[in-house]
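Student: only geometry, no sequence info:
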């Protein structure tokens, strides 16, 4: 056996918890996969907080029954193993996957009880079997990118704990003793002094497995929005890319992304769905064909999150919200080669220009389209891209070197791919292009955002039975950690509520933290009021305010009415994750299509939080426009602490300002 890896001494000095967590037994690989699949659909635990580590059972020798431990149960981070002696490669792979599950259940820590049966019976192992089992456990830990630390070992006679024995030197981690383990020294001396009188031949051992590096945020996260007209093949292309299985020509691949029955029946997307595709540093691709979601995240250095949006005109507000609220780095404009530039394509292209989202084009269904028709469609795209509205000429990708250049020059030129989801033509070029894309945010801006205090934009609210209210959204600044105290608001009464983060999930898996640029779900310990879309969750270090009135410079993209746009006009505005009605209460001049002016707007329903410089898009029927926020009128907000209705340190100042 090799030398034991060093561990952080500070992490070993806290006592074990007093309450016993549930554990999960995964004996059969089929059952394990089923359990894992069920876990992907769950969100969080209840109001008592996240499911953390359970007791280190053998370490609490004073709590042990005479003959056995509590039976192993099905959730948590404690695993019972009778022995782990020379497993074959297939079994070893299953054991490593099981260990990763336990590490996630324990937020980076797992406890293995070796020599213990599933029912808790202390069977024990002989010295050779124990040594081989520990060696196997260390091999598993290395494959799971974790450290293996032997906490305690016991002599067992007749299935009873009779005494402690010193852990062999080759198994001991080279760290000082734990403060709560001082009793071990006395027991070890007692055991060593009495070893000549009693020499048991069976042992049980407790081992701590700790993930050796931060598993959260090990990858670069890029978001790509899928846009285009109905029947362009957006969902099908996304399904082929993320699941690695070609389409059958009848829409089989798109079924992986649909969320509702009516979507399956009609074949049209009406909601926002997300799927991921991973790449490692060498550009190798990881998708759902041969990998689970855990494996994709573990193996990848870059995660592409596809945001599949609706193409139908009647779901336009959902599509706009997907672009503003989910803040994609790039947009894939998908065009059916048989239809050309019809339907909502031009409108979606205009949205990307208005919101300054870099885009590329995918011409689909080339397998069943005449070459002349494909060329005509490509020429239409080239003409519209080089026009004055876009000014990013097309760059047709036909080789791997072209794909490399397209990723580097995407700010100056618009890459155009001609692909087939049925035959797989040119999909390798699209894969290579995606693997070379970089985050739209510059490294300097990203570093600055990471160093800022945490801030989170809410784009969804869920209620899970038995678990309370969950919010979903994007971490726009800083890093959010479990147990962080933050402010959520503004609510209708212009106040913020103080909340404590209980649990975090990213890509349907539990995490300990969420960094800037990651879309996550959050649960809370003390959420007393119902949040809504458009709210923010922020550090108490930020100024707490809300906005009812603001000034913006707007440009009218389309206005079909014979009268000009004037005071009193109402429209739905989209700003980041905010979507609500605004009214024009003042303006410099009345305008119509193709004109711009400065207007003063007021939120009709409730106050929200916006900032100067934010891009906005508004619509009312066929009237559409875009603009930029140039000034805001801040209203100081109260901060309601949990269980009280009033507030924080600066409450007197805030109330004075309100009066």
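Tutor: Received the coordinates, thanks. All of these numbers come straight from a predicted model, not from anything done at the bench.

Student: every contact and neighbour count from this point should use C-alpha atoms.
Tutor: Fine.

Student: now the helices for the stretch 351-500 of the chain?
Tutor: 371-385, 400-408, 427-436, 443-451 (DSSP state H, counting those that start in this stretch).

Student: quick one: closest of the ones you listed to residue 498.
Tutor: helix 443-451 (22.3 Å; CA to CA).

Student: buried set for that closest one?
Tutor: By neighbour count on 16 or more other CA atoms under 10 Å, the buried set for helix 443-451 is 446, 449-450.

Student: which of the helices of the stretch 351-500 of the chain sits most buried?
Tutor: Burial of the helices of the stretch 351-500 of the chain is given as mean neighbour count (mean count of other CA atoms under 10 Å); helix 427-436 ranks first at a mean of 20.

Student: other residues contacting it?
Tutor: Helix 427-436 has contacts (CA atoms under 8 Å, 6 or more residues apart in numbering) with 241, 279, 283, 285, 302, 304, 397-400, 403-404, 406-408, 417, 419-421.

Student: what about residue 584, how many residues nearby?
Tutor: Neighbours of residue 584 under the rule other CA atoms under 10 Å: 19.

Student: oh sorry, the question was meant for residue 628
Tutor: Counted with other CA under 10 Å, residue 628 comes out at 20.

Student: for the remainder of this discussion, apply numbering that starts at 26.
Tutor: All set: I'll call the first residue 26, so the last point we hit is now residue 653.

Student: who does it bridge with?
Tutor: Going by DSSP bridges, residue 653 is paired in beta bridges with residue 578, residue 640.

Student: wait, it sits on residue 639?
Tutor: Yes - Residue 653 is within contact range of residue 639, at 5.7 Å (criterion: CA atoms under 8 Å).

Student: got a pLDDT number for the residue lying closest to residue 325 once chain neighbours are set aside?
Tutor: Nearest non-adjacent residue to residue 325, counting by CA to CA, 6 or more residues apart in numbering: residue 305, 4.4 Å away. Note on residue 305: pLDDT of 83.

Student: then residue 651?
Tutor: The model's pLDDT for residue 651 equals 92.

Student: hmm, back to that, any chance of the buried residues of helix 468-476 in TSV, plus distance to residue 394 and pLDDT?
Tutor: Converted to TSV, the buried residues of helix 468-476 look like this (distance: CA to CA, whole Å; pLDDT from 0 to 100):
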residue	distance to residue 394	pLDDT
471	43	82
474	46	89
475	47	86
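
Student: looking at these, spot the one nearest residue 593.
Tutor: The nearest one, if we look at these relative to residue 593 and count by CA to CA, is residue 474, at 38.1 Å.

Student: contacting residues for that closest one?
Tutor: For residue 474, the contacting residues are 501-503, 541, by CA under 8 Å, 6+ apart.

Student: identify the farthest-apart pair in those residues.
Tutor: 501 and 503 (7.1 Å).

Student: find residues that contact each of those two.
Tutor: Counting by CA under 8 Å, 6+ apart, the contacts common to residue 501 and residue 503 are 474, 479-480, 541.

Student: and the contacts of residue 474, which is closest to residue 634?
Tutor: Of those, the one sitting nearest to residue 634 (CA to CA) turns out to be residue 501, at 13.7 Å.

Student: roughly how far does the closest one sit from residue 470?
Tutor: Per CA to CA, to the nearest Å, residue 501 is found 12 Å from residue 470.

Student: can you list the low-confidence ranges for the stretch 276-425 of the chain?
Tutor: For the stretch 276-425 of the chain, not a single residue meets the criterion pLDDT under 70.

Student: ranges for the strands of it?
Tutor: Per DSSP state E, counting those that start in this stretch, the stretch 276-425 of the chain carries strands over the ranges 298-304, 310-311, 327-333, 355-361, 383-389, 419-421.

Student: got these as a markdown table, with distance to residue 102 and mean neighbour count columns?
Tutor: Output for those, formatted as a markdown table (distance: least, CA to CA, whole Å; neighbours: other CA atoms under 10 Å):
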| stretch | distance to residue 102 | mean neighbour count |
| --- | --- | --- |
| strand 298-304 | 27 | 23 |
| strand 310-311 | 27 | 24 |
| strand 327-333 | 27 | 24 |
| strand 355-361 | 39 | 25 |
| strand 383-389 | 43 | 23 |
| strand 419-421 | 51 | 21 |
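
Student: so which of those strands gets nearest residue 272?
Tutor: strand 383-389 (12.1 Å).

Student: pick out the residue nearest the middle of the chain.
Tutor: Closest to where the C-alpha atoms of the chain average out (CA atoms, centre = their mean) is residue 531, at 2.5 Å.

Student: give me the element the closest residue to it other than its chain neighbours is part of.
Tutor: Take residue 531 and drop its neighbours on the chain: the residue closest to it by CA to CA, 6+ apart is residue 545, 4.6 Å away. Element membership of residue 545 [criterion: DSSP states H and E] is strand 544-549.
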